[in-house]
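Participant: heads up, no residue letters with this:
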């Protein structure tokens, strides 16, 4: 599992999937979410614009998992 650092402006789920290389593009990320293949903290997530926060775990089935980390707090 890798970590993805978010900035002070935050990031939504679609953006995270794309920037963490769990999806090839924004459209691909939306397709993965629509197909029910994206989990946030162990639960299927269908909201493409869900704002991610430090400590969230995001998984794309059969692709990978990433932990969201806040750039401002080294211990999250």
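Facilitator: Received, thanks. Note that this is a predicted model, so its numbers are computed, not measured. Numbering: from 1, shown residues only.

Participant: looking at this protein, which helix or strand does the model trust least?
Facilitator: strand 2-6 (a mean of 78; mean pLDDT, DSSP states H and E).

Participant: direction included, what does it pair up with?
Facilitator: Strand 2-6 has its sheet partners listed here by DSSP bridges as strand 64-70 (parallel).

Participant: who touches the partner strand?
Facilitator: 1-6, 11, 16, 20, 22, 52-59, 76 (C-beta atoms under 8 Å, 6 or more residues apart in numbering). From N, CA and C alone the C-beta is placed, and that goes for glycine too.

Participant: now those residues: which count as buried?
Facilitator: 4, 6, 11, 16, 20, 22, 52, 54, 56, 58-59 (16 or more other C-beta atoms under 10 Å).

Participant: that older thread, centre of the chain to the least confident helix or strand of the chain, how far?
Facilitator: Relative to its chain's centre, strand 2-6 lies at 9 Å (C-alpha atoms, centre = their mean, to the nearest Å).

Participant: kindly list the longest helix within the protein.
Facilitator: helix 26-34 (DSSP state H).

Participant: still on that earlier bit, dump the buried ones among the contacts of strand 64-70 into CSV; add secondary structure as well.
Facilitator: Formatted as CSV, the buried ones among the contacts of strand 64-70 follow (DSSP: H, G, I helix; E, B strand; the rest coil):
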residue, secondary structure
4, strand
6, strand
11, coil
16, helix
20, coil
22, coil
52, coil
54, coil
56, coil
58, strand
59, strand
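
Participant: which stretches of this structure aren't confidently modelled?
Facilitator: 1, 72-76 (pLDDT under 70).

Participant: recalculate using a threshold of 90.
Facilitator: For the chain, the stretches flagged by pLDDT under 90 are 1-10, 70-76.
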